[in-house]
Structure formats: structure tokens, C-alpha cells
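A.B. asks: Got a sequence here, can you model it:
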Amino acid sequence: MLSAQTVSQLTDFVVDIVLPCAIVSSFEMKLTSEILVSTSQVFVIAIGMQGLYCILNRFLYRTWGNGEQICAKYATMVTNASFIGMPIAQSLYGATGLLFASISVLPQRVLMWSYGLSLYTNQKQDVDWRKILFHPCVVSIFIGIGVMAAYGAGFVLPEGVSKTLSMVGSCSTPLCLVIIGTIVGRLDWNDLFPWRGFLFSVYRVLFPPAMALLLVWCLLVNTLAKQISILLAAMSTTVILAEKYQKNPKFASQLMVLSTFLSFVSIPLFTFVLQWI
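C.D. replies: Residues are numbered from 1 along each chain as shown. Next comes the predicted model:
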């Protein structure tokens, strides 16, 4: 029912409109010292996880072909946490969960447009801060901080604005699942399971969240901060630069689809485990 152009436009609509509305809506609460500390903890954990991925990329995939190696390294660093991870965090943990998730993906956005881009262009990339700071989801965080500060001063958003943000933002999960469904629906099933793609996908959706679980288990941090960090580590991969730079886009698509399929198992699994943290 949906053409490729429609899916592309729908993806832009989710990223540029729906998720930002959900993020701003999640900030409709008073800024407390507990929230400030917890968001800082989430941010530090996210930086630590991205640093760990960088280290792993130096040792893994050495025997893989250049095209496959580039796709695997990028997919290790960059997940769909900001696309499907934030809606899932919202549905599981409410507005506070979405707030923490929106903070957690910031280090990934920085590396996506610096380290990630350098993999595909074979040259060192300086961080394009304008592209990062003016991304709709990041702008919505700044707006949300202002909303939170206003709430602390006794000023609240008009009811019509608040409800609109909430209603539009609540569409994020079903729309994301529709988009994933259209990708899966166009698959060539006879060419879906390369052994390296399957091996990588098992590693990507199981190893990082298990690693995150071990790292944060004993940390004296907010319980929800731990849960969000582990949940986002369990997200499947995204490989949007492979098609643009024509570095084995077929293998990149296989990684995305295989890891998405496996995340249908891993996300419920880790969600169940997180109930006991």
C-alpha cells in the first residue's frame, strides 16, 4: 500500500515532527535535583557505551572485506535508538523514560556525523555541530528544557498545546512499526541470511545490552537510568549512510533487517530482565 517515496516521507515526518512533539511533551514536569542527577547519569553511561563500541571496532571485523567491515563498524556504533528506541522507552516507562532516552542518544548523534561519516568517506571528519544541534530531536530537547524551567517557575503550557504535543507524540510507536513493516515487506527472502550478517546481528542485539547490564548493575545510579541505558543498547542497527556512499548497501540492508528481526526477541527478553533490576 505504501510506495518507497511514501515511506521516506513518513520517516521524515516521524523524525522531524512526531518524535520532537513527544520529546517536548516528556519535559512537561518540574526540574528537580533528582531528574538533573539522573539525566546526567544517563548521559555519562551513553558516552561510556559509545567509547566501548569504538574500542571493539578496532579489534572486530578485521578479517572481513572492506565493504562489509565498514558497514559492520558503523552498525556497531549507530543503532535505531533514536527512531524506535525512544518510542519504546516512552511506552514502557512513560514521559520520564522518553526524557532519559532523548538524552541518551546525544553521544550517538555526535559520533554518527563524525566517526561514522569518516568510515564511508575514508577521511577524518570534524564534528558538524550545526547538523547535530539543529536536528529536530535535539532542538526539541532545548525547547523541552525551557518548558521544564517554566514549569518550575509556575508557568504551564496552554492545555490545547499540551494535548496536541501529547497526541501527536503518541503516534511515534505505531508509525515506526509501520515503517519497519514496509521495509520487511520488500525483502528478497532468498538473499536475506548471509552468515556474517547473521553473526553480526546476534552480536549486536545481545552483546551490547548484556555488556551494559554488567557495567551498570553495581553502579549507584537511578534505577530508571539503568533500565533506559540497557534498553537502548538492545536496539537493532541502522545503516543510512551505506546507500548514500554505495559502500555495500546490500549487506548493510541485510544487517538492518536481520538485527531488527532478532530485536523482536532481544527487546522483550531484556525488558523482562529489567523488571528485576
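
A.B. asks: quick one: low-confidence ranges for this protein?
C.D. replies: 122-128, 183-184, 187, 189-193, 238-247, 249, 277 (pLDDT under 70).

A.B. asks: Now do the contacts for the residue most central in space within it.
C.D. replies: Nearest to the geometric centre of the chain sits residue 81, at 1.4 Å (C-alpha atoms, centre = their mean). For residue 81, the residues meeting the contact criterion (C-beta atoms under 8 Å, 6 or more residues apart in numbering) are 101, 104, 105, 108, 232, 235. The way it works is simple: take the backbone N, C-alpha and C, and place the C-beta from them, glycine included.

A.B. asks: Could you pull up the residues touching the second one?
C.D. replies: Taking C-beta under 8 Å, 6+ apart as the contact definition, residue 104 lies against 42, 43, 45, 46, 81, 228, 229, 232.

A.B. asks: 10 Å instead?
C.D. replies: 39, 42-43, 45-47, 49, 81-82, 85-86, 89, 225, 228-229, 231-233 (C-beta atoms under 10 Å, 6 or more residues apart in numbering).

A.B. asks: How many residues are close by the closest residue to it other than its chain neighbours?
C.D. replies: Sequence neighbours aside, residue 46 is the residue nearest to residue 104 in space, at 4.4 Å (criterion: C-beta to C-beta, 6 or more residues apart in numbering). Each residue near residue 46 was counted by other C-beta atoms under 10 Å, and the total is 24.

A.B. asks: Surely residue 46 touches residue 79?
C.D. replies: No - using C-beta atoms under 10 Å, residue 46 is not in contact with residue 79, being 11.4 Å away.

A.B. asks: Find residues that contact each of those two.
C.D. replies: With C-beta under 10 Å, 6+ apart, residue 46 and residue 79 have common neighbours 105, 108, 232, 233.

A.B. asks: Output the residues you listed in JSON lines; the columns should cover distance to residue 151.
C.D. replies: Output for those, formatted as JSON lines (distance: C-beta to C-beta, whole Å):
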{"residue": "105", "distance to residue 151": "23"}
{"residue": "108", "distance to residue 151": "28"}
{"residue": "232", "distance to residue 151": "26"}
{"residue": "233", "distance to residue 151": "30"}
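
A.B. asks: Please produce CSV containing these, extended by neighbour count and secondary structure.
C.D. replies: Shown next, in CSV, are those (neighbours: other C-beta atoms under 10 Å; DSSP: H, G, I helix; E, B strand; the rest coil):
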residue, neighbour count, secondary structure
105, 26, coil
108, 21, helix
232, 28, helix
233, 29, helix
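
A.B. asks: Can you tell me which of those residues is closest to residue 26?
C.D. replies: residue 105 (13.2 Å; C-beta to C-beta).

A.B. asks: nearest spatial neighbour of that closest one, skipping sequence neighbours?
C.D. replies: residue 82 (4.3 Å).

A.B. asks: For the one you found, which residues are in contact?
C.D. replies: 15, 19, 101-102, 104-106, 108-109, 112, 135, 137-138, 232, 235, 238.

A.B. asks: and if we set it to 8 Å?
C.D. replies: Here residue 82 is in contact with 15, 19, 105, 108, 109, 137 (C-beta under 8 Å, 6+ apart).

A.B. asks: now residue 66
C.D. replies: Per C-beta under 8 Å, 6+ apart, neighbours of residue 66: none.

A.B. asks: any idea how far it is from residue 255?
C.D. replies: According to C-beta to C-beta, to the nearest Å, residue 66 stands 15 Å off from residue 255.
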